[in-house]
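Q: got a sequence here, can you model it:
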Amino acid sequence: MRILGIIPARYASTRFPGKPLIDIKGKSMIRRVYEQALQSASLNEVVVATDDERILMHVSEFGGRALLTSSEHQSGTDRCAEVAEKLPGFDLIINIQGDEPFIDPKQIDLLCSCFDEADTQLATLVKKINSVEELQNANSPKVVLNSKSEAIYFSRAAIPTVRGLEISEWLSAHTFYKHIGIYAYKAETLKAITKLPISPLEKAEALEQLRWIENGYKIKVAVTEVETVAIDTPEDLNRALRPNIPGNTENQ
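A: Residues are numbered from 1 along each chain as shown. Next up is the predicted model:
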């Protein structure tokens with residue numbers, strides 16, 4: 001099985017314009033993501049997918065591979081689909097978040113292992129929730145799994161509701177999971193899901209994964225113990241550079 005790692009990277013960002021090119025201790029964020037992805041034992045190739053010439057040139061300058069993609073894409077999934085079409089011959093596509101400079105390569109390998117089961121169409125990672133604060137954070141989507149380790153729903157709300165208990169007691173009564181935003185798709189599945197219209201549940205929760213579920217696709221899930229820091233704002237960058245941040249080997 002040939003596996004392509006794609007790192008979508010947009011220059012425009014309401015909260016942090018130009019963030020792929022920000023300096024993190026001598027290297028740009030996109031370079032750190034790229035170099036971490038190269039350490040995965042599963043990937044045959046890694047490429048940055050960008051809509052901006054500045055990012056394209058920067059990746060080329062440090063010796064990486066990048067492709068220019070449309071500026072009209074609404075999601076990283078759509079950007080990955082364009083690259084997958086331009087680079088045929090891969091069986092599996094991994095969508096690696098371009099704002100996680102300390103991503104653990106073993107997470108990529110864990111995600112790829114979901115396709116050891118031949119019928120897996122899509123896959124992602126989750127992590128057990130360990131605090132009520134995390135459970136109530138609407139910016140951190142929660143995932144409900146079935147007995148086959150497949151995601152059956154994603155929500156910004158704390159689900160399921162544990163009846164008869166205060167929310168402070170829920171974690172002792174049920175195992176809750178949060179979504180870790182890295183995806184894998186079979187090449188033909190990626191092509192198909194990007195042609196689907198926005199679905200009612202996706203519109204309600206603002207979570208594209210729900211479009212896939214509503215259309216009958218199964219999302220295989222692997223549980224990880226690792227969560228690295230995503231950088232969406234300048235404040236996130238300051239937090240990421242603090243000592244003892246998971247995955248931040250620069251500070252260990």
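
Q: quick one, strands of this protein?
A: Applying DSSP state E to the chain gives strands spanning 3-9, 23-24, 27-28, 45-50, 66-68, 92-95, 122-128, 142-145, 150-155, 177-186, 219-223.

Q: what residues does the lowest-mean-pLDDT helix or strand in the chain touch?
A: Sorting the helices and strands of the chain by mean pLDDT, DSSP states H and E puts helix 234-240 at the bottom, at a mean of 79. Helix 234-240 is touched from outside by Phe16, Ile22, Ile24, Pro101, Phe102, Val229, Ala230, Ile231, Ile245, Asn248, with contacts defined as C-beta atoms under 8 Å, 6 or more residues apart in numbering. (Each C-beta comes from the backbone N, C-alpha and C, glycine too.)

Q: cool, and stretch 163-172?
A: Ile129, Asn130, Ser131, Val132, Leu135, Gln136, Ala158, Val162, Ala173, Phe176.

Q: gap between the closest residue to the fifth one other than its chain neighbours and Gly63?
A: When the adjacent residues along the chain are set aside, Leu135 lies closest to Ala158, with 4.8 Å between them (C-beta to C-beta, 6 or more residues apart in numbering). Applying C-beta to C-beta, to the nearest Å, the value for Ala158 to Gly63 is 45 Å.

Q: again, but for Lys186
A: Lys186 is 30 Å from Gly63, by C-beta to C-beta.

Q: neighbour count: these two, which is higher?
A: Lys186 (19 against 9; other C-beta atoms under 10 Å).

Q: wait, doesn't the more buried one sit right on Phe90?
A: No. Lys186 is not in contact with Phe90 according to C-beta atoms under 8 Å; the separation is 9.8 Å.

Q: can you pull the residues that touch both of those two?
A: By C-beta under 8 Å, 6+ apart, no residue touches both Lys186 and Phe90.

Q: can you give me the helices for the stretch 151-252 of the chain?
A: Assigned by DSSP state H, counting those that start in this stretch, the stretch 151-252 of the chain shows helices spanning 170-173, 187-193, 200-205, 209-214, 234-240.

Q: and those as TSV, adding distance to Ile3?
A: As requested, these are exported to TSV (distance: least, C-beta to C-beta, whole Å):
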stretch	distance to Ile3
helix 170-173	35
helix 187-193	10
helix 200-205	27
helix 209-214	20
helix 234-240	27
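
Q: since that was my last question, I'll sign off now.
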